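> Please find the sequence and the predicted model below.
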Amino acid sequence: MEHRVRSPLSEGDVSKLSAGDIVWLSGVIYTARDKAHQRLGEVKFDLRGGVIYHCGPLIRDTTVVSAGPTSSVRLARYTPQVLDLGVRCIIGKGGMPGAAELMRGRAVYLAYPGGCGAAAARSLSVRGVCLSELGMAEAVWEFEATDLGPMVVAIDSHGRDLYREVRESAKKHLKR
Amino acid sequence: MALLRRCDVVKATEAVACKSQISLPGWVVRLIENALRSERSEIARYHLNAILNNIRIAEADARPVCQDTGLPVFHVEIGEGCSFDFNLWEAIAEGVTIATRKGMLRSNVVDPLSRLNTGDNTGPGMPYLIVDHVTGDSLRITAFPKGAGSENMSFLGMLNPADDPFEYILENLAERVSNACPPVFVGIGIGGTFDQAAALAKRAIIGLPGESKEELLLLKRINDLGIGPMGLGGDTTALGVKIERAFCHTASLPVAVNLQCWANRRATARVTEDGWSIE
């Protein structure tokens, strides 16, 4: 099933999305990588109903040049703090071990195809920036997204985690 | 002896550093297109189509395929008949600095402990040059940018000679490959010393995908795991496997695996005493 959604997202918006669905997202999204996650409390943006994009973009002046996802596994440890700020959607690649239980009833994880920075950049424009002292890739960028996608609902708010399912199936295959 | 000019090396480096970010080699694109034809998973086909669309956009807009423009790694082949009266590493580093200032490379290079970003993608050890001495009187520079997603998921084991290296590789790949932006290229170094195995693994992905019986069998076994593009299931987990080997100590079995994401970027220039050109 395909969905077009707009941020900020409500609990109802998120609960409609099931693992394996395709999503195109519009509205405001915020980038955050490793150092930004350590300082999310200082970010001036209101993250309630918000979307966090695991992304360290390449930006020239104020133009987004390339902005695909970074590996979410590095950021999985911050999931409780991120959800406590009211974030409803996390975009990244590779999955977030342990996040499915925390996200149940609250949030979804969308997988943007890794490496597809050129296509993502066409859907994004800069609205603002915070923690710019961390440098281009680590700053928190406020982007306006227009039909960002296609993204796969990889962890839904009902407890399903496609990465976990695929990994467990691969391990069973190894034992055969 | 052909005396090469420093300015040609700087310009050739800048050119390949930029070109490698924008367009993938034709053989890489064809492997992805072939994978799309045989892929049975709908989600996997979605991803492979998105990847091919992204490749077209990057080329049309002259923008980097991936925002992670990687570490500046270069394969440098120095002809025995050429000479230079300058420091080759410094000239290549200058080309990297210029490409970074032009906004084509994200500044990725940091001090490993302070994490201070140098801002120009250079620093002690960076750019990293893999050097070969070859016949001829020219210098060949291949930009081979290496992103962190796939590099971070690479691994090395000092195995017991009685262990099966292919079981070790498959078990680790099953755990790690979904974070390496599959479909991946798998460079394997078997044998040699601890450091030699890792260097062989990196050299394996600089070369073309292998075609030996062992390489093709391992490729099939990896794809049979069903991990698929981006780790969300499917038939296409790896696009190529290459094994490089060196003889090793009778008590040792080093095995290193260097992963490369589908964005297997590279571009080559040749520098002669008459100037430089892209190959």
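That came in fine, so what should we check first? As the structure is a prediction and not an experimental result, all values here were calculated from the model.
> Tell me which residues of the one helix or strand A:T79 maps to come out buried.
Assigning secondary structure by DSSP states H and E places A:T79 in helix A:79-84. By 16 or more other C-beta atoms under 10 Å in any protein chain shown, the buried positions in helix A:79-84 come out as A:79, A:82-83. Any C-beta I mention is one placed from the backbone N, CA and C, and that applies to glycine too.
> now stretch B:32-46
B:32, B:35-36, B:39, B:41, B:43-46.
> among these, which two are most distant?
Maximum pairwise distance in those, criterion C-beta to C-beta, is 15.8 Å, between B:I32 and B:I43.
> quick one: the strands in chain B?
Ranges of strands in chain B, per DSSP state E, are B:2-3, B:73-79, B:82-83, B:128-134, B:139-143, B:155-159, B:184-191, B:238-246, B:253-260, B:267-272, B:275-278.
> Could you list the low-confidence segments of the chain?
Since no chain was named, I'll use chain A. Along chain A, the model assigns pLDDT under 70 to residues A:176.
> Helices along that one, start to end?
A:11-15, A:34-38, A:79-84, A:99-103, A:117-122, A:162-175 (DSSP state H).
> Output the ones you listed in CSV; the columns should cover distance to B:A15.
Formatted as CSV, those follow (distance: least, C-beta to C-beta, whole Å):
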stretch, distance to B:A15
helix A:11-15, 47
helix A:34-38, 32
helix A:79-84, 42
helix A:99-103, 43
helix A:117-122, 19
helix A:162-175, 39
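> Pull up the distance across stretch A:10-26, start to finish.
14 Å (C-alpha to C-alpha, to the nearest Å).
> Show me which positions of that stretch end up buried.
Residues of stretch A:10-26 classed as buried: A:13-14, A:17, A:19-26 (neighbour count, 16+ other C-beta under 10 Å).
> Same check on stretch B:153-164?
Within stretch B:153-164, the residues that qualify as buried are B:153-157, B:159, counting by 16+ other C-beta under 10 Å.
> What is the burial count for B:K220?
Neighbour count for B:K220, taken as other C-beta atoms under 10 Å in any protein chain shown: 11.
> From A:I155, how far out is B:G123?
37 Å (C-beta to C-beta, to the nearest Å).
> Show me which of these two is the more surrounded one.
Neighbour count, other C-beta under 10 Å: between B:G123 and A:I155, A:I155 has more, with 28 against 16.
> what mean pLDDT would you report for the biggest helix by length in chain B?
Taking DSSP H as the criterion, chain B has its longest helix at helix B:42-61. Across helix B:42-61, pLDDT averages out at 97.
> and the angle from it to helix A:162-175?
110 degrees (axes from the mean of the first three to the mean of the last three C-alpha atoms, to 10 degrees).
> Distance from the chain centre to helix B:42-61, please.
Centroid displacement of helix B:42-61 relative to its chain, using C-alpha atoms, centre = their mean, to the nearest Å, is 20 Å.
> looking at the helices of chain A, which is closest to B:E244?
Across the helices of chain A, closest to B:E244 is helix A:162-175 (C-beta to C-beta), at 24.5 Å.
> Which strands or helices does the closest one pack on?
Where contact means 3 or more C-beta pairs under 8 Å, 6 or more residues apart in numbering or on different chains; DSSP states H and E, helix A:162-175 is packed against strand A:140-155, helix B:165-176.
> Those: which one's closest to B:A143?
The nearest among these, by C-beta to C-beta, is helix B:165-176 at 25.9 Å.
> Is there any residue in the closest one that contacts chain A?
Yes. Contact of helix B:165-176 with chain A (C-beta under 8 Å from any C-beta of the partner chain) involves B:170-171, B:174-175.
> what's the answer for stretch B:23-34, then?
No. Stretch B:23-34 does not reach chain A (C-beta under 8 Å from any C-beta); its nearest approach is 10.2 Å.
> what residues does that stretch touch?
B:48, B:51-52, B:55, B:58-59, B:65, B:183, B:208-209, B:239-240, B:262-267 (C-beta atoms under 8 Å, 6 or more residues apart in numbering or on different chains).
> Sort out which of those residues are buried, if you could.
Using 16+ other C-beta under 10 Å, the buried members of the contacts of stretch B:23-34 are B:48, B:51-52, B:55, B:58, B:65, B:183, B:209, B:239-240, B:262-267.
> so can I have CSV of the buried residues of stretch A:10-26 showing distance to chain B?
Below are those laid out as CSV (distance: C-beta to the nearest C-beta, whole Å):
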residue, distance to chain B
A:D13, 21
A:V14, 19
A:L17, 14
A:A19, 9
A:G20, 6
A:D21, 10
A:I22, 7
A:V23, 11
A:W24, 12
A:L25, 14
A:S26, 18
